[in-house]
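J.: Dropping the sequence and predicted coords here.
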Amino acid sequence: DGGITQSPKYLFRKEGQNVTLSCEQNLNHDAMYWYRQDPGQGLRLIYYSQIVNDFQKGDIAEGYSVSREKKESFPLTVTSAQKNPTAFYLCASRRRASGGNQPQHFGDGTRLSIL
Amino acid sequence: KQEVTQIPAALSVPEGENLVLNCSFTDSAIYNLQWFRQDPGKGLTSLLLIQSSQREQTSGRLNASLDKSSGRSTLYIAASQPGDSATYLCAVRLEFGNEKLTFGTGTRLTIIP
């Protein structure tokens, strides 16, 4: 089955620790995205990548880093500089065909908490 | 700055009723609008995408409409079922080449058996 796999489902971070969230897709989509979801707020874009080896900051990139070495993978690192990392993190991907009206597809998320 | 609002934040209706969910946006120059469903603790499932040139899209019991000039979209659910209980979110994309979506905070729908 084609889809987006996020792992782990739950993650705990200690003070001063960096943690990495995994996102893998087998949909052959060009673009991939990371969002953060907090209670009572809409999803906010952290980073996105339209092609391999290229990515752009979203609205709340501070304290996060990403890489896009392979088309199917877009890991997100939550660094110790992110002082409020507790949230639900969602990865998405999209096929960037001409016309631009392809929908975004989402994984099942990773819930990150502070120990 | 584009802002997307969904009112009400929560809605409960008896099974079998037809219902309408609302989404409003402040900048009418959108490229497309997408409706999603989110079950508790899960990711988002894309339901319908309406292009700026379209007035509505239909999928099964779902019908989404778009009125760009008034900055509004509605999601109509016919003959509601308990399995429709979820949070429904709308998101707008401003322009071709701009990958950012601006999301509303969602409407939590409960269908009462």
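T.: Sure thing, it's come through. Numbering: from 1, shown residues only, chains lettered A, B, ... in the order given.
J.: Show the contacting residues for residue 94.
T.: Reading this off chain A. A:29, A:30, A:31, A:32, A:33, A:102, A:103, A:104, A:105, B:99 (Cβ atoms under 8 Å, 6 or more residues apart in numbering or on different chains). C-beta: built from backbone N, CA, C; applies to glycine.
J.: my bad, the chain I had in mind was chain B
T.: Residue B:94 touches B:2, B:27, B:29, B:30, B:31, B:100, B:102, counting by Cβ under 8 Å, 6+ apart.
J.: And those residues, which is closest to residue B:38?
T.: Taking Cβ to Cβ as the measure, residue B:102 is the one of those closest to residue B:38, at 16.3 Å.
J.: Now the closest one: closest residue in space, sequence neighbours ignored.
T.: In space, and not counting its chain neighbours, residue B:102 is closest to residue B:2: 4.6 Å by Cβ to Cβ, 6 or more residues apart in numbering or on different chains.
J.: Just to be sure, that neighbour is in a helix?
T.: No. Counting by DSSP: H, G, I helix; E, B strand; the rest coil, residue B:2 is not found in a helix; it is coil.
J.: So it versus chain A, what's the distance?
T.: Distance of residue B:2 to chain A, given as Cβ to the nearest Cβ, to the nearest Å: 11 Å.
J.: list the contacts for that residue?
T.: Applying Cβ under 8 Å, 6+ apart to residue B:2 gives the contacts B:25, B:26, B:27, B:30, B:92, B:94, B:102.
J.: from what I can see the first one touches residue B:92, true?
T.: Yes. With contacts counted by Cβ atoms under 8 Å, residue B:25 reaches residue B:92, the gap being 5.2 Å.
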